[in-house]
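Engineer: Here is a sequence together with a model predicted from it:
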Amino acid sequence: MPRTSFEELLEAGVHFGHLRRKWNPAMAPYIFMERNGIHIIDLHKTIVKIEEAASALKQIAKSGRKILFVATKKQAKDIVDEEIQKINMPYVTERWPGGMLTNFPTIRKSVKKMGVIDKMEQDGTFGNLAKRERLQIMRQRAKLEKNFGSIADLTRLPAALFVVDVMKEYIAVREAKRLNIPVFAIVDTNSDPREVDFPIPANDDASKSISLLIGIMARAIQEGLDERKVEKEKDASAKEKKGGERKEKTETRRTRARKGSPEGKQAEGGDEKSARPARPRRKPQDVKPEEADESDAGSKGAEDVKEEAVAEGKSDKTE
């Protein structure tokens with residue numbers, strides 16, 4: 001199912017570009033025609049690019065990485081703040097702090113200052129400070145919250161950057177390119193799409209157009225997050241199953257080991273012996289008299305043979 005339709009884009013005014021004199025020749029493949037000195041964007045190509053960008057953002061979100069949204073234009077500030085806050089992604093709607101990506105550790109120090117100030121409030125350290133010092137710290141906290149509050153959860157560099165206006169946010173685009181971070185952007189007819197990895201040719205000035213495109217991207221990211229959650233649950237259930245099977249195997253091994261041990265064999269042998277009747281041993285007194293006579297006769301015959309042999313030997317000597 002497509003994420004948007006031609007009619008929906010047409011109603012939002014996504015097809016309106018800039019004046020002809022402000023156009024960038026690199027945008028020629030995405031321009032459909034010119035009317036009243038204004039370039040008209042080809043919405044069929046816009047739909048294709050929207051699908052590509054949405055699927056790529058979905059995969060990034062599914063992998064558990066962060067996507068940073070940048071929109072400091074008046075038309076886009078509130079829209080990005082409202083839509084991106086729902087999916088818990090970092091965003092910048094105030095002034096882009098130079099070096100935010102290339103000098104990320106320093107930015108993180110500024111973000112940590114907010115946590116330090118909050119800790120001072122909880123510990124009661126503010127009660128020991130003068131009123132003027134408290135006011136200065138609270139002003140500093142408000143300034144940090146305004147500039148870095150939306151990126152407080154960004155503990156490492158983002159996996160991708162989504163920019164609303166490439167011309168206005170050129171510093172952010174350059175920093176991302178220097179760090180090989182993929183850039184997704186809404187490019188108008190006055191922008192250069194070659195600077196962006198995933199360009200979306202559309203009107204970046206109308207609030208309706210921005211709202212529609214940001215909403216599509218936010219839904220794609222939410223789909224990726226939901227799929228990631230489902231996969232985690234499946235993995236957890238699979239691990240539980242494996243753990244149960246391992247326990248059963250270990251129990252069976254233990255029982256087999258117990259049976260194979262001498263104690264187990266004795267226990268098993270004892271059961272068999274108890275089941276079978278014991279054969280009585282043959283005692284010497286139980287021997288029959290006939291057998292006894294035969295054995296005595298045999299022994300007497302042997303003695304007579306010996307005596308005869310001795311007598312014959314003596315007679316030979318005398319002769």
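Structural biologist: Cool, got the structure.

Engineer: Only C-alpha atoms from now on, for both contacts and neighbour counts.
Structural biologist: Noted.

Engineer: Need phi/psi at residue 182.
Structural biologist: Summarising the backbone geometry of residue 182 under the convention degrees, to the nearest 10, its torsions are phi -60, psi 140.

Engineer: Walk me through the domains of the chain.
Structural biologist: If you go by automatic domain parsing, the domain ranges for the chain are 12-101+157-234, 102-144.

Engineer: now these in a markdown table, with distance to residue 252?
Structural biologist: As requested, the domains of the chain are exported to a markdown table (distance: least, Cα to Cα, whole Å):
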| stretch | distance to residue 252 |
| --- | --- |
| domain 12-101+157-234 | 27 |
| domain 102-144 | 54 |
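
Engineer: can you put the ones you listed in TSV and add mean pLDDT, distance to residue 250 and mean neighbour count?
Structural biologist: Supplementary listing: those in TSV, determined by pLDDT from 0 to 100; distance: least, Cα to Cα, whole Å; neighbours: other Cα atoms under 10 Å:
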stretch	mean pLDDT	distance to residue 250	mean neighbour count
domain 12-101+157-234	92	24	19
domain 102-144	87	49	14
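
Engineer: Which one of those domains lies nearest to residue 246?
Structural biologist: Between residue 246 and these, the tightest spacing by Cα to Cα is seen for domain 12-101+157-234, at 18.2 Å.

Engineer: Quick check: end-to-end length of the closest one?
Structural biologist: Counting by Cα to Cα, to the nearest Å, the length from the leading to the trailing residue of domain 12-101+157-234 is 40 Å.

Engineer: Following element in sequence after the helix or strand hosting residue 50, please.
Structural biologist: Using DSSP states H and E, residue 50 falls within helix 43-62. The first helix or strand that comes after helix 43-62 along the chain, using DSSP H and E, is strand 67-70.

Engineer: Now do that next one: everything it contacts.
Structural biologist: Residues outside strand 67-70 that contact it (Cα atoms under 8 Å, 6 or more residues apart in numbering) are 57, 60-61, 80, 84, 89-93, 158-164, 169.

Engineer: Can you flag which of these belong to helices?
Structural biologist: Cross-referencing the contacts of strand 67-70 against helices under DSSP state H gives 57, 60, 61, 80, 84.

Engineer: Quick check: the farthest pair among those?
Structural biologist: 60 and 80 (18.8 Å).

Engineer: Name all residues that make contact with residue 154.
Structural biologist: Under the criterion of Cα under 8 Å, 6+ apart, the contact partners of residue 154 comprise 66, 90.

Engineer: where along this protein do the helices fall?
Structural biologist: Counting by DSSP H, residue ranges of the helices within the chain are 6-12, 43-62, 74-86, 104-123, 131-148, 170-178, 207-260, 262-275, 289-318.

Engineer: Which among the ones you listed is found nearest to residue 194?
Structural biologist: If we rank the helices of the chain by Cα to Cα, the stretch that ends up nearest is helix 170-178, at 11.5 Å.

Engineer: any residues touching that closest one, and which ones?
Structural biologist: Taking Cα under 8 Å, 6+ apart as the criterion, the residues outside helix 170-178 that touch it are 96, 98, 99, 101, 102, 161, 163, 166, 182, 183, 195, 196.

Engineer: same check, this time on stretch 191-206
Structural biologist: Counting by Cα under 8 Å, 6+ apart, the neighbours of stretch 191-206 from elsewhere in the structure are 13-17, 23-24, 26-27, 30, 41, 45-46, 49-50, 52-53, 75, 164-167, 173, 182-189, 209-210.

Engineer: now stretch 96-112, how far from the chain's geometric center?
Structural biologist: Averaging C-alpha coordinates over stretch 96-112 and over its chain gives two centres that are 27 Å apart (Cα atoms, centre = their mean, to the nearest Å).
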